[in-house]
Structure formats: C-alpha cells, structure tokens
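>>> sequence? don't have it. structure:
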C-alpha cells in the first residue's frame, strides 16, 4: 500500500538525462475503487522554472541534498496498481518515507501554490484519512 509519506524515485529527468530520478512524495490516497494516489515531485532549485511555495534546504529527507522545491505544477493522480507494478518491475524505486514535518509542508503548499491545479486540491480534500 502506497500511503501518504511514501517516497518513490521515478525517472523524470531533463531531456538530456531522461533516466535521472526525482523524488516523488505520495501526498494523498483515495480508496476508490480503484485506489488512486496523488504524487508530487521534489526538484533541485535552479535558475530555471521554480515554484517558491515550499522550499527545502537539503537534509529534510535522505535523498534531498540540495536546495529543492516542490513542483506543484506536475502533481498528478495515479492508479496505485500502476505505480506498484512499476516498483515491482524495478522501473520505480521506493525510498525512505518522509517525515511528518516534510509531508505537512508539502500538503500545505497545495493551498498556496499558484501552480497547483484545482483537481489536486480537491483530491486532497476528498482523500481517505
């Protein structure tokens, strides 16, 4: 079961390095059927596109070593079974769960980010506890 706070490394790098993995956080879960999860990625803070709503300095999670931001614009709802299948096949990789503090910061940012899509906010409101 992929519950809120679960983190997954997913190949989602830039065009020149498409297999570079980014940390994705499971933010919310809806039992459905089918079971769906909301995930968002955490990316290194660069001069390129940035959403400054939720910033981490590094060290908040073992995978987050540099100043990073939550990329609310790319948050999406996925069928849990499809994500689990990619984990089982070795294409995605489970990582250490995030702390309650990190999860709270990520979830809270959906309310304030101008890049968060309305359906993601609705998913959080409707999610199972």
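Sure, I can see it. Just so it is clear, the structure is predicted and the values come from calculations on it, not from any experiment.
>>> show me the biggest strand of the chain in terms of residues.
Longest strand of the chain, by residue count under DSSP state E: strand 68-79.
>>> can you give me the strands for the protein?
Here the chain has its strands, by DSSP E, at 7-11, 21-30, 36-44, 55-56, 68-79, 93-95.
>>> can you tell me which of the ones you listed the model trusts least?
Between those, the lowest average pLDDT goes to strand 55-56, which shows a mean of 90.
>>> got the contact list for that one?
Contacts of strand 55-56 from elsewhere in the structure, counted by CB atoms under 8 Å, 6 or more residues apart in numbering, are 42, 45, 64, 67, 68, 69, 102, 105. Where C-beta positions appear, they are placed from N, C-alpha and C, glycine not excepted.
>>> Just give the strands next to it in its sheet, each with its orientation.
Here strand 55-56 has these sheet partners by DSSP bridges: strand 68-79 (antiparallel).
>>> buried residues in the partner strand?
Buried positions in strand 68-79, judged by neighbour count with 16 or more other CB atoms under 10 Å: 68, 69, 70, 71, 72, 74, 75, 77, 78.
>>> hmm, back to that, now do the longest strand of the chain: everything it contacts.
Residues contacting strand 68-79 (CB under 8 Å, 6+ apart): 25, 27, 34-45, 50-56, 58, 106, 109-110, 113, 115-117, 119-120, 123.
>>> Write the ChimeraX selection for whichever of the residues you listed are buried.
Command for ChimeraX that selects the buried part of those, burial taken from 16+ other CB under 10 Å:
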select :25,27,35,36,37,38,39,40,41,42,43,45,50,51,53,54,56,106,109,110,113,115,116,117,120,123
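>>> can you tell me which residues contact residue 38?
For residue 38, counting by CB under 8 Å, 6+ apart, the contacting residues are 26, 27, 28, 29, 75, 76, 77, 78, 120, 123, 124, 127.
>>> re earlier: could you tell me the angle between the longest strand of the chain and strand 21-30?
Counting by axes from the mean of the first three to the mean of the last three CA atoms, to 10 degrees, strand 68-79 lies at 50 degrees to strand 21-30.
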